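Novice: sequence unavailable; structure follows:
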């Protein structure tokens, strides 16, 4: 029996897709719970991914989905293929403990978080029992804190949400809140900030064509609102930089300014890095952090801050970190320009086309709909269509959660930090008073 596959770490592992997260977690789980059948065949692994129990979200992957995830995971150095002369079918195993230096308890908690989404300490203790025995919830907490305090964190503590009895934890290995293709349950709106990719591949693919139009108005606002910032104080901190469509506006406002971009979506970063590669000057001025905001390393100082279409993706803890950064690490008067997207309270919206664009012989359409989750959260469904005449030749759908915030909500949040707020068309500017 021989193993094949890359053993070296091939880079960060915090941008795994939903498919990769599910496949990797199932390999970890089955190694402990069904050791006689491990490593797993493709058929066994697909069945494990599509279980209707102990899974959130429940998915319906095909062989191709699992195979593609295995190829990517092998390239990342997280799985290996096992060949045997006595068995014609290839089998697959994970190497996460070696790749990320994980102990047994850490591995068990990470896998359960990957399989079932945000969970409380008590839930994690009971659900990880078949993989690793924890003596107490305090022991679980200690291990989670170890995962969260790594140089590249693997877990994040979410603040308790209204209506919840206990706070929850999430993993930071990748896609959490975007079920994407094959998922049968809506996203968990309260955990969106921990998602490796809150938008999904589909939105990233069509973003510049269909979804970036708001930058035409927000960018013009930013030109004026950033004009008085002093680049000598540090870079512009761009939270949720997306494909980098806003960079020309930032450079126009402050020529030659450095940009510290935070963008956890791997798909978005593909377009962002392409944009940088085509602009040598911008390439030298831009630093891209691929981690979620809650885990990202922020610059020691910043001359300004921009958050476009981002605030609703941040958890309570993330927003607290944001306001604390403005209060403690930005100069007095330095602008934090925050785009405020409607609605400020959850609503339900039927499928609505918001953009139609002709590209060559094809027509591209962007559709959106949303459902109210609770008094603060909505679940958005974005659909992107490519048509030739009356025939739809491609259609992609992605879901994401969103927390609704009003200007008054932001004003109440920043008050304890001693910050001031001014309202503008479609955005607010938060500053530390001079």
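Specialist: The structure has been received and is ready for your questions. Predicted model only: the values in this text are computed from it and were never measured. Numbers count the residues shown, from 1 in each chain.

Novice: from residue 434, how far out is residue 250?
Specialist: 23 Å (Cβ to Cβ, to the nearest Å). To be clear about C-beta, it is placed using only N, CA and C from the backbone, and glycine gets the same treatment.

Novice: state the mean pLDDT of stretch 382-397.
Specialist: The pLDDT scores in stretch 382-397 average 92.

Novice: now do that stretch: everything it contacts.
Specialist: When contacts are defined by Cβ atoms under 8 Å, 6 or more residues apart in numbering, stretch 382-397 is touched by residues 181, 200-203, 205-206, 210-211, 351, 361-369, 381, 398-400.

Novice: which parts of that stretch are buried?
Specialist: Neighbour counts over stretch 382-397 (16 or more other Cβ atoms under 10 Å) mark 382, 383, 384, 385, 386, 387, 396, 397 as buried.

Novice: for the stretch 151-300 of the chain, which spans come out with low pLDDT?
Specialist: 160-164, 175-200, 212 (pLDDT under 70).

Novice: where do the helices sit along it?
Specialist: 200-206, 215-225, 247-253, 266-277, 280-285 (DSSP state H, counting those that start in this stretch).

Novice: who has more neighbours out of residue 250 and residue 434?
Specialist: Per other Cβ atoms under 10 Å, whichever of residue 250 and residue 434 has more neighbours is residue 250, with 29 against 8.

Novice: shouldn't the more buried one be in contact with residue 308?
Specialist: No. The criterion here is Cβ atoms under 8 Å, and residue 250 misses it with residue 308 at 10.4 Å.

Novice: give me the number of residues near residue 287?
Specialist: Neighbour count for residue 287, taken as other Cβ under 10 Å: 12.

Novice: just checking, it touches residue 262?
Specialist: No. When contacts are counted by Cβ under 8 Å, residue 287 is not listed as touching residue 262 (9.6 Å).

Novice: any idea what sits nearest residue 363, other than its immediate chain neighbours?
Specialist: Leaving aside its chain neighbours, residue 363 sits nearest to residue 387 (4.6 Å; criterion: Cβ to Cβ, 6 or more residues apart in numbering).

Novice: for residue 29, same thing?
Specialist: residue 111 (5.5 Å).

Novice: and that neighbour, how far from residue 120?
Specialist: 17 Å.

Novice: so which of these two has more stuff around it?
Specialist: Neighbour tally, residue 111 and residue 120, criterion other Cβ under 10 Å: the higher count belongs to residue 111, 29 against 18.

Novice: check for me that that one belongs to a helix.
Specialist: Yes. According to DSSP: H, G, I helix; E, B strand; the rest coil, residue 111 belongs to a helix.

Novice: how close does it sit to residue 92?
Specialist: 15 Å.
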